[in-house]
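> fold the stuff below for me.
(4 chains)
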Number of protein chains: 2
Amino acid sequence: MTSVTPRDNKLLASLPADVQERLFPHLVRVAMPLGKVLYEAGDTMASVYFPADCIVSLLYVMENGASAEISVVGNEGVVGVSLFMGGESTPSRAIVQSAGLAYRLSAQRIKDEFVRHGAVLVHVLRYTQSLITQMSQTAVCNRHHNIDQQLCRWLLLSMDRLSSNRLVMTQDLIANMLGVRREGVTDAALKLQKLGVIRYQRGKIDVLDRVRLEMLSCECYAVVKTEEDRLLDYAVSAVPDRRKPLTRRVTQRS
Amino acid sequence: MTSVTPRDNKLLASLPADVQERLFPHLVRVAMPLGKVLYEAGDTMASVYFPADCIVSLLYVMENGASAEISVVGNEGVVGVSLFMGGESTPSRAIVQSAGLAYRLSAQRIKDEFVRHGAVLVHVLRYTQSLITQMSQTAVCNRHHNIDQQLCRWLLLSMDRLSSNRLVMTQDLIANMLGVRREGVTDAALKLQKLGVIRYQRGKIDVLDRVRLEMLSCECYAVVKTEEDRLLDYAVSAVPDRRKPLTRRVTQRS
DNA sequence: TATGCTGGGTGCGGTATCGAACACAGGACC
DNA sequence: GGTCCTGTGTTCGATACCGCACCCAGCATA
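Predicted structure coming up:
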């Protein structure tokens, strides 16, 4: 818990040493309790957040109150891409889905760094593209796949962003994220439990058989994961304009 | 038809004069016939396309062949944002949804221009953010709104990208875009026709009452349109880092 | 022990959409 | 004129999900 450092965020960790030296002194470690709202839809953003061990959901809330998660951000990325995209705000809400810590950076710092057109620009843009993939795939998934499959996808995406295979998350909250009824999640979760893939009890979900979970998931998880692996291959992406090999890795355990 | 110029693309038109002078000689005018595939999912992109009077759909195709449009690009934007985002490819297909002309620019030219970190970077990033809004809203719309509403949204988004209020588009194609059955579109279109909002005949759709169409649409159209207006206010966005006023304009006729 | 709250399980009718099959009409082509 | 193809209209049963209502179990608190 106290051993968390900025380098727990993979995006930060992958930046060149000189950029890290320049940036890290300005990072503020902040607690991210479950349910904390980082931005409300339309808010002008004052900072970006680099999750260390928490998960943040980007959620659209409709006029009638119904909602749907469009993407999820963990220690592989950053919350608040609109800041460097130039829009300063988005119509979505950012809310903490799994508690933990994050590092906050002021809007001006990230923009200054962005304008230098160095590694930060390259990294955050590639990350943003992976976010676009996740959003697009969510759109398709919402259209074509049933709750059972979507629950699997959601569990996998969440697990990838945590070190453990236990999620602290009620079915009601999951239903809100998926934009479906709580009962629908109950049904799907019951099926998974009967298959021995997960076990849950009052808000705690343990994934017992990840491989089977992947098989039961729709293709959307694999697409997102593959594209993430390709785009966030931070280790070698520090040189701008260097073409990445396009090989797609097979989905595998984190 | 022959009077089309690069300035018919609003993104190009809004660039500063010096950038236009540098860029325009490298633009190639290309025909965009209905159904032409600009990129297949996963293709490495060789060029970007600035639509002049055509519409391009970004489409996800699933393993089982089912598909869904995640966003639509007209003369307000550019096709191929992955090129400057750094990914070089996306898992989506880009396909011409309404025939016309576009201006093609090679991958290297756009990247060179991007690296100068001038108006082009600012413009395309803001445009990309509006694209993100469209994708996100599509995800939510797919989850929560019925075919009737989605058809209205889709017609409005398409009309905004054409000068006329006639769409040349069969119900079957629309169904592919929305990711629903053709019969579902037939039903929805029949209702709209009976209300006197549209008239159609064998692949030609005339919008007779746009105001009513907007009222019948779900909120998703207004959200996307408002955000587009805010982000693509090209006229005054040429200065990097200049903060835009955050006033939201009411949705109105194009 | 009583109470209350939260998380989860179940049942029921309603509805939107699906998959499939078929019928019909406009227009192009011979 | 006849023929064919494409675009549209219609029907029917299946199903996934919804809204609602209610119940039960675990757990904390008094």
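> now do the contacts for residue A:174.
Shown in contact with residue A:174 (Cβ atoms under 8 Å, 6 or more residues apart in numbering or on different chains): A:151, A:154, A:185. For the C-beta atoms, the positions are set from N, CA and C on the backbone; glycine is no exception.
> what about burial for those, which qualify?
Using 16 or more other Cβ atoms under 10 Å in any protein chain shown as the burial test, those include A:151, A:154, A:185 as buried.
> the second one is in what secondary structure piece?
Applying DSSP states H and E as the criterion places residue A:154 in helix A:147-160.
> check which helix or strand covers residue A:175.
Under the assignment here (DSSP H and E), residue A:175 is part of helix A:171-178.
> confidence score at residue A:242?
If you check residue A:242, the pLDDT there is 35.
> closest point of the stretch 151-254 of chain A to chain B, which residue?
Taking Cβ to the nearest Cβ, chain B has its nearest neighbour within the stretch 151-254 of chain A at residue A:179, 4.3 Å off.
> where along chain A do the helices fall?
A:10-13, A:17-23, A:82-85, A:107-115, A:119-144, A:147-160, A:171-178, A:182-194, A:210-216, A:219-231 (DSSP state H).
> residue A:131 and residue A:72 touch, don't they?
No - contact criterion Cβ atoms under 8 Å: residue A:131 and residue A:72 do not qualify, at 9.6 Å.
> so which of the two has more stuff around it?
residue A:131 (27 against 23; other Cβ atoms under 10 Å in any protein chain shown).
> contacts for the lowest-mean-pLDDT helix or strand in chain A, please.
Counting by mean pLDDT, DSSP states H and E, chain A has its least confident helix or strand at helix A:107-115, which shows a mean of 91. Identification of contacts with helix A:107-115 by Cβ under 8 Å, 6+ apart yields A:19, A:22-23, A:26, A:45-48, A:83-84, A:120-121, A:124, B:117, B:240-241.
> wait, which of the contacts of residue A:174 is closest to DNA strand C?
Closest approach to DNA strand C among the contacts of residue A:174 (Cβ to the nearest atom of the strand): residue A:185, at 8.0 Å.
> touching DNA strand C at all, stretch A:123-142?
No - contact of stretch A:123-142 with DNA strand C (Cβ under 7 Å from any atom of the strand) is absent, the minimum separation being 11.6 Å.
> you'd agree residue A:166 is up against residue A:203?
No - with contact defined as Cβ under 8 Å, residue A:166 does not count as touching residue A:203 (10.7 Å).
> surely residue A:143 meets residue B:179?
Yes - the criterion here is Cβ under 8 Å, and residue A:143 meets it with residue B:179 at 4.4 Å.
> overlap in contacts, the two.
B:68, B:142.
> residues in contact with residue A:223?
With Cβ under 8 Å, 6+ apart, residue A:223 has these contacts: A:133, A:137, B:91.
> spatially, what comes nearest to the first one if we skip its sequence neighbours?
Same thing as residue A:133. residue A:227 (4.4 Å; Cβ to Cβ, 6 or more residues apart in numbering or on different chains).
> quick one: the least confident helix or strand of chain A to helix B:119-144, angle?
Angle, helix A:107-115 to helix B:119-144, by axes from the mean of the first three to the mean of the last three Cα atoms, to 10 degrees: 120 degrees.
> give me the neighbour count for the residue of the stretch 151-254 of chain A closest to chain B.
22.
> could you measure from it over to DNA strand D?
7 Å (Cβ to the nearest atom of the strand, to the nearest Å).
> again, but for residue A:35
Residue A:35 is 19 Å from DNA strand D, by Cβ to the nearest atom of the strand.
> mind checking pLDDT for that residue?
93.
> so what's it up against?
Residue A:35 neighbours (Cβ under 8 Å, 6+ apart): A:95-96.
> so residue A:130 is in contact with residue A:78, correct?
No - here residue A:130 lies out of contact with residue A:78, judged by Cβ under 8 Å, at a distance of 11.2 Å.
> who has more neighbours, the two?
residue A:78 (26 against 22).
> ok, that one - contacts?
With Cβ under 8 Å, 6+ apart, residue A:78 has these contacts: A:9, A:11, A:48-51, A:124, A:127.
> for those residues, give me TSV that also has pLDDT and neighbour count.
Shown next, in TSV, are these (pLDDT from 0 to 100; neighbours: other Cβ atoms under 10 Å in any protein chain shown):
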residue	pLDDT	neighbour count
A:9	97	25
A:11	96	20
A:48	98	23
A:49	98	25
A:50	98	25
A:51	98	26
A:124	95	25
A:127	97	23
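> most widely separated two among the residues you listed?
For the contacts of residue A:78, the maximum inter-member distance is 14.1 Å, found between A:51 and A:124 (Cβ to Cβ).
> that older thread, ok, the residue of the stretch 151-254 of chain A closest to chain B - contacts?
Residue A:179 neighbours (Cβ under 8 Å, 6+ apart): A:66-69, A:142, B:140, B:143-144.
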